[in-house]
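Asker: I would like to see how this sequence folds:
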Amino acid sequence: MDLDLTEVEAVCKDLYVRALKLLPPDIKAGFADLARDETSATGRAILGTMVENIAVAERTKNILCQDTGIPIYNVVIGRDVRVEGADLKAAIRRGCERATTEHSLRSSVVHPITRVNEQTSCGIRVPIIHVDFDDRPETVSVEMIPKGSGSENGSFLQMLLPSDGINAVKRFVIDRVIELGGRVCPPTIVGVGIGGTSDLCMHLAKVAATRKLRTDCSDPDGARIEAELSRAVNELGIGPQGLGGRSTSFAVHVEIAATHITQNPVAVNIQCHSARRARATFTPGGIAFD
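Answerer: Numbers count the residues shown, from 1 in each chain. Okay, here's the model as predicted:
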């Protein structure tokens, strides 16, 4: 399959807009789960307001949150796909720029020193583009995630020692959730990376934070820890927007990687209640959005 880069550009533009306006079905279902178990009247009221905001955004074709975020594109390329890598990245960048300029989106991307905003949601090394590969024949998937600053500021890394044990990992996660309180617009998805190197560990935390709800870590030990932490976080009483209740988090998600014998990194990356993402899949039969 030859990947049409004109189509890629158009799809990457559309994905940005879709992600900003349409909350994924699993997150909507997550709100229903939290509302069912919420015992605080204030918590239930805030959850109701959030659900109404989602509905209004869809009815009026408006964005869910004013923060258009740092644009992230995750690309997975299957077998027997022909595409020039540099041209693919250029097409994604053009799509990101067009989404911002053609739909009058607020650009949240600035130069880190001068703070100059190009008004395109692009800049040095942004959009962030991750490319991976899998075994699916003649298939390319593109996932778009607008990572807002409110939740991205809830990012932490600790280089633990093996002697600290797994309880130190759990304590680090819980302490960070307590420290953040309502600043990350809960209910959240708490992404946790364990292992790897410092950079890989933080990347894993973000992968975990943007994973679909009701999915489990592929490693059994990781799955057990995320279940324990999910229960613990919602016993903290932080609640929606930090105003009290059981609905502090939709879930804690964990992703792991092998690491060095003398270290055990742990990272936390938060996704706020407006957990936005959109995906498209290219096959010889066409393009499908989900």
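Asker: helices and strands of the protein: which one bottoms out on pLDDT?
Answerer: Of all the helices and strands that make up the chain, the one with the lowest confidence by mean pLDDT, DSSP states H and E is helix 149-152; it has a mean of 92.
Asker: what's the next secondary structure element after it?
Answerer: Under the assignment DSSP states H and E, the closest C-terminal helix or strand after helix 149-152 is strand 155-160.
Asker: one step back: can you point out the buried residues in the least confident helix or strand of the chain?
Answerer: For helix 149-152, the neighbour count (16 or more other Cβ atoms under 10 Å) marks 150, 151, 152 as buried. To be clear about C-beta, it is placed using only N, CA and C from the backbone, and glycine gets the same treatment.
Asker: So the last one sits against residue 70, correct?
Answerer: To tie it back to what came earlier, the one meant is residue 152. Yes - with the criterion set as Cβ atoms under 8 Å, residue 152 and residue 70 qualify as a contacting pair; they are 6.8 Å apart.
Asker: Next one: residue 181 relative to residue 143, how far apart?
Answerer: Using Cβ to Cβ, to the nearest Å, one obtains 30 Å as the distance from residue 181 to residue 143.
Asker: between the two, which one's more packed in?
Answerer: Neighbour totals were compared for residue 181 and residue 143, and residue 143 leads with 19 against 15 (other Cβ atoms under 10 Å).
Asker: Give me the contact list for the helix or strand encompassing the more buried one.
Answerer: Under the criterion DSSP H and E, the helix or strand holding residue 143 is strand 140-147. In this structure, residues lying in contact with strand 140-147 by Cβ atoms under 8 Å, 6 or more residues apart in numbering are 1, 3, 8, 11-12, 15-16, 18-20, 67-78, 81, 83, 92, 206, 210, 276-282.
Asker: got it, and stretch 176-185?
Answerer: By Cβ under 8 Å, 6+ apart, the list of residues contacting stretch 176-185 from outside reads 150-151, 153-154, 156, 190, 233, 236, 238, 241-243, 248-249, 268, 270, 272-274.
Asker: what's the neighbour count on residue 128?
Answerer: Burial measure for residue 128: 13 neighbouring residues, criterion other Cβ under 10 Å.
Asker: Nearest residue to it in space, please, no chain neighbours.
Answerer: In this structure, residue 128 finds its nearest non-sequential neighbour in residue 72, 4.6 Å apart by Cβ to Cβ, 6 or more residues apart in numbering.
Asker: can you count the residues close to the one you found?
Answerer: Using other Cβ under 10 Å, residue 72 has 20 other residues around it.
Asker: all strands of the stretch 1-150 of the chain, in order?
Answerer: With DSSP state E, counting those that start in this stretch as the definition, the stretch 1-150 of the chain shows strands at residue ranges 70-79, 128-137, 140-147.
Asker: Wait, the residue nearest to residue 128 touches residue 109, no?
Answerer: No - distance between residue 72 and residue 109: 11.6 Å, which falls outside the contact criterion (Cβ under 8 Å).
Asker: any idea how far the residue most central in space within the chain is from residue 275?
Answerer: When Cα atoms, centre = their mean is applied to the chain, the residue found nearest the centroid is residue 210 (3.1 Å). Remark: distance between residue 210 and residue 275 (Cβ to Cβ) = 7 Å.
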